[in-house]
Every structure is written in C-alpha cells, then in structure tokens.
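K.L.:
no FASTA, just this:
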C-alpha cells in the first residue's frame, strides 16, 4: 500500500540536510579509499556513515509510526497496513 508521506514533506528540509551530510561523508570515505589512507581513519569514517544512515532511518521510522501506525486520523485498516509495512522494512533492515 502507498501512503501519503506528510511527515517527510513536513520534515523535507531536515531530512535533505541529513542526506547531504551523509553524501559528504560518503564522498570523504571515497577519497580516503582512493588515497589509500590509514585504515583507522577509514574505519572511523565508515562508522560515522553508518551512524548517519541510522539517524536518517530513525527520523523516517518515527514519522511513519506517528503519522500512519498510531495516528487517530487513519482508519484501523490503514494502521494495520502501515504496521505490517513497518515490520517488513525492519526485517529487511536487520538482515
């Protein structure tokens, strides 16, 4: 089922800033690898990239839960569908 992503529209600028910061980190990681930089620097930046993607995921998940799963404005059927979709996403993410 496709949901209107009102929360991502509302938080669009904040989410885009996160993505842009992540892109900067990924670009920096690419440069470190191209330059054959010290592995500890590369590992630390890789950890930072993972943290950034996790933070983005949390923002989007929180919005999905608040606006689709537990929203009083959504029908019960829509809430159940949103919860099932969320479970599928979390299962995929944790594999």
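P.N.:
All right, it came through fine. Because the structure is a prediction, the values reported are computed rather than measured. Numbers count the residues shown, from 1 in each chain.
K.L.:
what's the most centrally placed residue in the chain in contact with, if anything?
P.N.:
By C-alpha atoms, centre = their mean, the chain has its centre lying nearest to residue 57, at 2.2 Å. Contact analysis of residue 57 by C-beta atoms under 8 Å, 6 or more residues apart in numbering lists residue 93. Every C-beta, even on glycine, is put in place using the N, C-alpha and C of the backbone.
K.L.:
before we move on, what SS does it have?
P.N.:
At residue 57 the chain is in helix, as set by DSSP: H, G, I helix; E, B strand; the rest coil.
K.L.:
just residue 71 next, same as before
P.N.:
From three-state DSSP, the assignment for residue 71 is coil.
K.L.:
Please report how far it lies from residue 62.
P.N.:
With the distance defined as C-beta to C-beta, to the nearest Å, residue 71 ends up 13 Å from residue 62.
K.L.:
who does the helix or strand of the chain with the lowest mean pLDDT touch, helix- and strand-wise?
P.N.:
Here the helix or strand of the chain ranked lowest by mean pLDDT, DSSP states H and E is helix 6-10, holding a mean of 73. Judged by 3 or more C-beta pairs under 8 Å, 6 or more residues apart in numbering; DSSP states H and E, the packing partners of helix 6-10 are helix 39-64.
K.L.:
So for the helix it packs on, what gets flagged as buried?
P.N.:
42, 45-46, 49, 52, 59-60, 63-64 (16 or more other C-beta atoms under 10 Å).
K.L.:
could you point out where this structure is predicted with low confidence?
P.N.:
Applying pLDDT under 70 to the chain flags the ranges 1-5.
K.L.:
before we move on, the earlier item: turn the buried residues of helix 39-64 into JSON lines, including distance to residue 87.
P.N.:
Output for the buried residues of helix 39-64, formatted as JSON lines (distance: C-beta to C-beta, whole Å):
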{"residue": "42", "distance to residue 87": "35"}
{"residue": "45", "distance to residue 87": "32"}
{"residue": "46", "distance to residue 87": "28"}
{"residue": "49", "distance to residue 87": "26"}
{"residue": "52", "distance to residue 87": "24"}
{"residue": "59", "distance to residue 87": "19"}
{"residue": "60", "distance to residue 87": "15"}
{"residue": "63", "distance to residue 87": "16"}
{"residue": "64", "distance to residue 87": "11"}
